[in-house]
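> Below are the sequence and a predicted model; questions follow.
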Amino acid sequence: MLEKEHSEIRRQQPLADWLRTGIEALLYSSVFISLCAFGLTVETYLLTGNKVSLPMACFVFLATLFTYNTSSLQRMWRGWRAKKGGQSWSIRHQKELAVLALLSLAGAVVLYFLFELRINLWFVLTLALISVGYTVPLARNRLKPFRSVPLLKVFLIALVWSAVTVLFPLIDASVALDSPVMLIWLRRFLFILALALLFDIRDYTYDRHTRTLTFPGLLGENYTRFLSLGLLVLYLLLVLLTEEGEVLIGLLSAALVAGLIVWNASEEKPRIYYALLADGAMLVHFAFVYLAVS
């Protein structure tokens with residue numbers, strides 16, 4: 001009987017290992033968060049009643065994938081080598097991630113010109129510089145990454161994400177950036193800003209060691225959570241003023257899910273909590289809107 005149980009455990013172990021490896025690759029290669037960007041871009045079309053442009057959504061996916069893997073590309077460019085053992089997943093697989101960054105950049109460039117996406121190239125490059133400069137110094141030994149600027153990083157994240165997932169698709173669709181559109185942008189900005197604060201909580205010890213002032217360092221972990229919840233309340237007020245029917249219910253539900261994730265966030269939570277749940281709140285946001293309009 002015991003031999004049979006041990007045999008069953010041995011058969012299940014490879015499956016569990018493959019599953020864990022797959023989840024790690026999905027999360028830490030930034031494919032998952034790029035899917036979140038894809039979903040939010042599609043959501044913008046749905047909210048405004050415009051036809052979904054898959055080339056634009058794929059462009060945002062690839063651009064996000066490139067941006068989040070530029071640190072691996074930088075390390076490879078400088079000839080930095082990972083030490084054996086005890087390294088994070090992204091460090092152990094930095095060569096693969098550097099290749100992924102280059103392939104995603106090439107794909108984004110091909111999509112931009114092949115489908116003649118109608119976004120001003122200078123606008124794209126400006127946001128790209130902000131995104132890359134967030135983690136990679138734009139001038140070696142002269143400038144620090146933008147994330148090192150006190151209290152700035154969460155606003156940069158919210159600004160870039162809201163611009164890319166709201167303004168990019170609507171500009172490409174030739175939609176006028178009037179008050180209703182800008183309210184959608186503001187809602188998205190507040191929602192992303194609320195989630196971005198969670199990563200300040202996650203990185204509190206690291207930021208303290210690097211002497212980077214963040215909101216948890218200024219306000220403390222608890223008050224940072226309350227600030228995040230307050231931003232979600234502002235988001236809810238805007239949703240109540242601008243939406244109705246099933247879309248309103250969907251967005252309220254998405255905010256409730258995000259609120260629960262914020263409420264339970266702490267520095268002690270494992271990194272997968274943030275990679276899967278905090279980022280995943282954006283995908284939940286898209287899913288509720290998709291169900292509401294289907």
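Done, it's in. Predicted model, so just to flag it, every value in this text is computed and none were measured.
> tell me the centre residue of the chain?
Ile33 (4.7 Å; Cα atoms, centre = their mean).
> Mind jotting down where the helices sit in the stretch 151-294 of the chain?
Assigned helices in the stretch 151-294 of the chain, in chain order: 153-162, 168-172, 179-202, 204-209, 215-219, 221-242, 245-263, 271-272, 279-293 (criterion: DSSP state H, counting those that start in this stretch).
> between these, which gets nearest to Trp18?
helix 271-272 (17.0 Å; Cβ to Cβ). C-beta here means a position set from N, CA and C on the backbone, and glycine is covered the same way.
> re earlier: okay if I get the helices of the stretch 151-294 of the chain as JSON lines plus distance to Thr48, mean neighbour count and mean pLDDT?
Converted to JSON lines, the helices of the stretch 151-294 of the chain look like this (distance: least, Cβ to Cβ, whole Å; neighbours: other Cβ atoms under 10 Å; pLDDT from 0 to 100):
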{"stretch": "helix 153-162", "distance to Thr48": "14", "mean neighbour count": "20", "mean pLDDT": "95"}
{"stretch": "helix 168-172", "distance to Thr48": "7", "mean neighbour count": "22", "mean pLDDT": "97"}
{"stretch": "helix 179-202", "distance to Thr48": "7", "mean neighbour count": "21", "mean pLDDT": "96"}
{"stretch": "helix 204-209", "distance to Thr48": "37", "mean neighbour count": "14", "mean pLDDT": "85"}
{"stretch": "helix 215-219", "distance to Thr48": "32", "mean neighbour count": "18", "mean pLDDT": "93"}
{"stretch": "helix 221-242", "distance to Thr48": "12", "mean neighbour count": "17", "mean pLDDT": "97"}
{"stretch": "helix 245-263", "distance to Thr48": "11", "mean neighbour count": "18", "mean pLDDT": "97"}
{"stretch": "helix 271-272", "distance to Thr48": "34", "mean neighbour count": "12", "mean pLDDT": "87"}
{"stretch": "helix 279-293", "distance to Thr48": "11", "mean neighbour count": "20", "mean pLDDT": "96"}
